[in-house]
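Visitor: sequence plus the predicted model coming up.
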Amino acid sequence: MMDKDDFGPITRNRRRATITSAKSETVKLRNGAIAAASDLRRGPKARESLTKNLQLNEDSTRKCDRYDKMSCHKLQESMLSSASSFKNYRGILNWCVVMLVLSNARLFLENLLRYGILVDPIQVVSLFLKDPYSWPAACLVIVSNVFILVALYTERRLAMGSISEKVGLLIYIFNLTIILCFPMVVVLKLPSITPVGGAFALGVYTILFLKLYSYKDVNRWCRERTQAKARSLSRSLSCPSSSFASSAMQSHVSYPGNLSLRDMYYFVFAPTLCYELNFPRSESIRMGFLLRRLFEMLLLTQLLVGLTQQWMVPVIRSSMKPLQEMDYSRMTERLLRLAVPNHLIWLIFFYWFFHSSMNFVAELLRFGDREFYHDWWNSETITYFWQNWNIPVHKWCLRHFYKPLLRRGAGKLLSQSAVFFFSAFFHEYLVSVPLRMFRLWAFMGMMAQLPLAWFVARFLRGNYGNAAVWLSLIIGQPIAVLMYVHDYYVTHCEDDPTIAEAL
Ligand SMILES: CC(C)(COP(=O)(O)OP(=O)(O)OC[C@H]1O[C@@H](n2cnc3c(N)ncnc32)[C@H](O)[C@@H]1OP(=O)(O)O)[C@@H](O)C(=O)NCCC(=O)NCCS
């Protein structure tokens with residue numbers, strides 16, 4: 001009978017140690033050949049002991065090898081079973097990438113063979129301008145300066161105490177309402193403004209609305225703090241305390257020293273929606289970083305335009321007929337066909353906007369806080385996705401809408417619903433007004449996030465939750481795109497011969 005200790009898996013380490021020591025002995029002997037040679041020279045006794053040593057080592061090595069051959073099993077799980085602690089799936093990931101590239105290369109070739117080259121950068125200009133001598137969207141953006149100056153002038157008056165808080169609030173309500181209504185009326189009434197030009201102008205005005213709202217809140221908080229401190233006979237907020245008066249803090253702006261044109265325009269151009277008197281600033285502009293971001297911006301813009309013209313537009317055009325005939329199986333096929341380019345374009349847009357463009361502007365303005373996004377791609381819940389994909393909007397929602405509602409006693413669900421309602425309104429505003437039709441698809445898409453968030457959190461966990469988030473992004477967006485394009489086609493260009501030809 002074999003001794004358990006000799007062959008059991010537990011003794012493997014011990015055996016390895018024996019082999020190693022035996023091997024090292026041999027190596028030692030080999031390496032010490034010169035020393036051995038000198039031993040040999042000493043006499044026959046030394047020679048005999050050396051030969052004995054060599055034989056012994058050879059024997060033990062042979063014995064260990066034989067043991068190794070006899071025991072080849074140990075208690076262990078298969079790599080793909082969840083009980084094994086194996087986690088390195090890099091090869092699988094590479095395989096996914098290779099498969100993705102191959103299948104997309106096939107799609108790309110198929111697209112080229114079917115439609116030829118459709119990319120036309122000049123056509124992009126016509127998306128913004130109908131007439132090269134009329135730039136209505138750009139004029140609208142220039143006019144927005146009026147609203148910025150009204151906000152600054154109101155704040156200065158409030159700081160001086162020449163108008164009351166109530167009057168200030170009324171001016172703000174008027175100013176912010178006009179910011180939303182004025183571009184809307186212009187876009188709806190002016191036929192020379194294109195849908196893309198209109199969307200751009202409305203986007204600028206929406207950002208301005210959010211920024212000026214934040215500007216109003218922060219300056220009011222400063223006044224309230226100053227008054228509270230004055231009332232409690234402590235030092236005024238506007239005077240830096242002696243401990244803060246060091247040379248390092250001399251550039252520190254305090255209320256009402258922030259109410260300058262320079263400070264206001266810094267905030268208007270800064271990549272944030274939340275106003276602060278003293279933004280964190282980087283030491284200097286890193287030229288290499290700036291040029292890399294600029295290169296990415298230019299390259300990705302071309303890629304976005306190319307993919308839209310070559311891939312997205314033909315699929316959308318070919319989807320019109322099944323949509324009109326309500327042919328469900330072909331509708332689903334077109335929807336899935338649209339999902340791939342739409343998702344790819346959305347991902348590129350995310351990188352272009354939140355990484356390249358925002359970092360470019362931030363670097364140029366030495367704006368220090370570069371937290372424009374978090375790891376939304378790891379979202380296991382819909383809530384996590386909305387908290388992390390667009391940090392500037394999320395921060396604004398938390399600071400100026402969600403938390404004030406909670407502080408006033410509103411429940412968490414009600415406050416969350418109110419934020420999503422507010423966000424849904426702006427999504428609809430940015431799509432419906434430029435397209436000049438009100439269909440509420442964007443609004444409903446945003447409001448649907450609440451029940452979807454509940455469903456995913458309640459029934460799906462971990463990887464399943466993550467897959468659900470990806471699926472909602474990959475399928476949800478093209479549904480909205482198809483709805484809008486279909487409705488736009490039906491209301492505006494059913495008689496357009498170019499589109500009719502494509503069907
Ligand atoms: C609605 C929304 C703001 C909720 O955010 P959330 O992070 O899930 O909210 P939470 O309930 O976890 O609480 C967030 C904060 O409120 C605080 N809070 C929670 N309950 C509170 C209460 N009763 N009183 C005071 N504060 C409270 C939390 O402490 C937390 O503070 P912190 O940020 O300092 O840690 C978020 O989902 C959102 O931004 N949605 C809209 C996003 C959007 O439309 N984006 C558009 C992109 S195109």
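Guide: Everything's here; your move.

Visitor: SS state for residue 333?
Guide: With DSSP: H, G, I helix; E, B strand; the rest coil as the basis, residue 333 sits in helix.

Visitor: OK, contacts around it?
Guide: residue 322 (CB atoms under 8 Å, 6 or more residues apart in numbering). Using the backbone N, CA and C atoms, a C-beta is placed for each residue, glycine as well.

Visitor: what residues does this protein have near the ligand?
Guide: With CB under 6 Å from any ligand atom as the criterion, the chain meets the ligand at residues 383, 386-387, 390, 393-394, 397-398, 402-403, 406-407, 412, 416, 419-420, 423.

Visitor: now do the closest residue in space to residue 115 that isn't next to it in sequence against the ligand, distance only.
Guide: Nearest non-adjacent residue to residue 115, counting by CB to CB, 6 or more residues apart in numbering: residue 314, 5.2 Å away. To the ligand, residue 314 is 28 Å away according to CB to the nearest ligand atom, to the nearest Å.

Visitor: so who does residue 314 touch?
Guide: With CB under 8 Å, 6+ apart, residue 314 has these contacts: 111, 114-115, 118, 502.

Visitor: now do the helix or strand that contains it, average pLDDT.
Guide: Assessed by DSSP states H and E, residue 314 sits inside helix 313-325. Averaging pLDDT along helix 313-325 yields 84.

Visitor: how about stretch 187-206?
Guide: So the average pLDDT for stretch 187-206 ends up being 94.

Visitor: what do you get for stretch 73-91?
Guide: pLDDT averaged over stretch 73-91 gives 89.

Visitor: related to what we said a few turns ago, just the ones of the residues of the chain next to the ligand in strands?
Guide: With strands taken from DSSP state E, there is no overlap with the residues of the chain next to the ligand.

Visitor: quick check: the residue in the chain positioned nearest to the ligand vs residue 447, distance?
Guide: Closest to the ligand within the chain is residue 423: 3.1 Å, counting by CB to the nearest ligand atom. From residue 423 across to residue 447, the span is 9 Å (CB to CB, to the nearest Å).

Visitor: check residue 72 too.
Guide: Using CB to CB, residue 72 is found at 62 Å from residue 447.

Visitor: what about those two, which has more around it?
Guide: residue 447 (19 against 7; other CB atoms under 10 Å).

Visitor: list the contacts for the closest residue to the more buried one other than its chain neighbours?
Guide: Nearest residue to residue 447, sequence neighbours excluded (CB to CB, 6+ apart): residue 424, at 5.0 Å. The contact partners of residue 424, taken as CB under 8 Å, 6+ apart, are 442-447.

Visitor: helices - which of those land there?
Guide: Assignment to helices by DSSP state H places the following of those there: 442-447.

Visitor: and the next element down the chain from whichever strand or helix holds residue 226?
Guide: Element membership of residue 226, judged by DSSP H and E, is helix 195-231. Later in the chain than helix 195-231, the nearest helix or strand by DSSP H and E is helix 261-269.

Visitor: now do the buried residues in that next one.
Guide: For helix 261-269, the neighbour count (16 or more other CB atoms under 10 Å) marks 263-264, 267-268 as buried.

Visitor: phi, psi for residue 256 please.
Guide: For residue 256, the backbone dihedrals (degrees, to the nearest 10) come out as phi -100, psi 20.

Visitor: wait, it touches residue 152, no?
Guide: No. Contact between residue 256 and residue 152 fails when scored by CB atoms under 8 Å: they sit 11.4 Å apart.

Visitor: ok so, going back, so what pLDDT did the residue nearest to residue 447 get?
Guide: With respect to pLDDT, residue 424 scores 96.

Visitor: quick one on the thing from earlier: tell me what the helix holding residue 226 is packed against?
Guide: Applying 3 or more CB pairs under 8 Å, 6 or more residues apart in numbering; DSSP states H and E, one finds that helix 195-231 contacts helix 121-128, helix 136-160, helix 165-189, helix 261-269, helix 391-397, helix 412-435.

Visitor: which parts of it are buried?
Guide: Across helix 195-231, burial judged by 16+ other CB under 10 Å covers 195, 197-202, 205-206, 208-220, 222-223, 226.

Visitor: next one: stretch 364-374
Guide: 365-367, 369, 372-374.

Visitor: same question, stretch 89-99
Guide: Buried residues in stretch 89-99, counted by 16+ other CB under 10 Å: none are found.

Visitor: so what touches that stretch?
Guide: Outside stretch 89-99, no residue touches it (CB under 8 Å, 6+ apart).

Visitor: residues near residue 311, how many?
Guide: 24.

Visitor: from residue 297, how far out is it?
Guide: 21 Å.

Visitor: ok and the helix holding residue 226 relative to helix 412-435, angle-wise?
Guide: Going by axes from the mean of the first three to the mean of the last three CA atoms, to 10 degrees, helix 195-231 is angled at 140 degrees with respect to helix 412-435.

Visitor: re the thing from before, most widely separated two among the buried residues of helix 261-269?
Guide: Greatest spacing in those, by CB to CB: 263 and 268 (9.9 Å).

Visitor: list the buried residues in stretch 371-385.
Guide: So stretch 371-385, judged by 16+ other CB under 10 Å, has buried residues 372-374, 376, 379-385.

Visitor: what's the answer for stretch 127-136, then?
Guide: Of the residues in stretch 127-136, 128-129, 135-136 count as buried by neighbour count, 16+ other CB under 10 Å.

Visitor: output the below-cut-off pLDDT ranges for the stretch 101-250 of the chain.
Guide: 233-250 (pLDDT under 70).

Visitor: let's go with 50 and repeat that
Guide: The stretch 101-250 of the chain contains residues with pLDDT under 50 at 236-248.

Visitor: just how off-centre is stretch 189-208 within its chain?
Guide: 25 Å (CA atoms, centre = their mean, to the nearest Å).

Visitor: list the contacts of that stretch.
Guide: Stretch 189-208 has contacts (CB under 8 Å, 6+ apart) with 126-131, 134, 136-137, 140-141, 144, 147-148, 179-180, 182-184, 186-187, 268, 273, 426, 429-431, 433-436.

Visitor: from residue 483, how far out is residue 489?
Guide: Distance of residue 489 to residue 483, given as CB to CB: 11 Å.

Visitor: my error: substitute residue 62 in the last question.
Guide: 78 Å.

Visitor: who's more crowded, these two?
Guide: Neighbours per residue, other CB under 10 Å: of residue 62 and residue 483, the larger number sits with residue 483, 17 against 10.

Visitor: surely the more buried one and residue 442 touch.
Guide: No. Residue 483 sits out of contact with residue 442 when judged by CB under 8 Å, with a separation of 9.2 Å.

Visitor: and the nearest residue to the residue of the chain closest to the ligand once chain neighbours are set aside, how far is that from residue 345?
Guide: The shortest distance from residue 423 to any non-neighbouring residue, by CB to CB, 6+ apart, is to residue 446 (5.6 Å). Remark: distance between residue 446 and residue 345 (CB to CB) = 20 Å.

Visitor: helix, strand or coil for residue 81?
Guide: Three-state assignment for residue 81 (three-state DSSP): coil.
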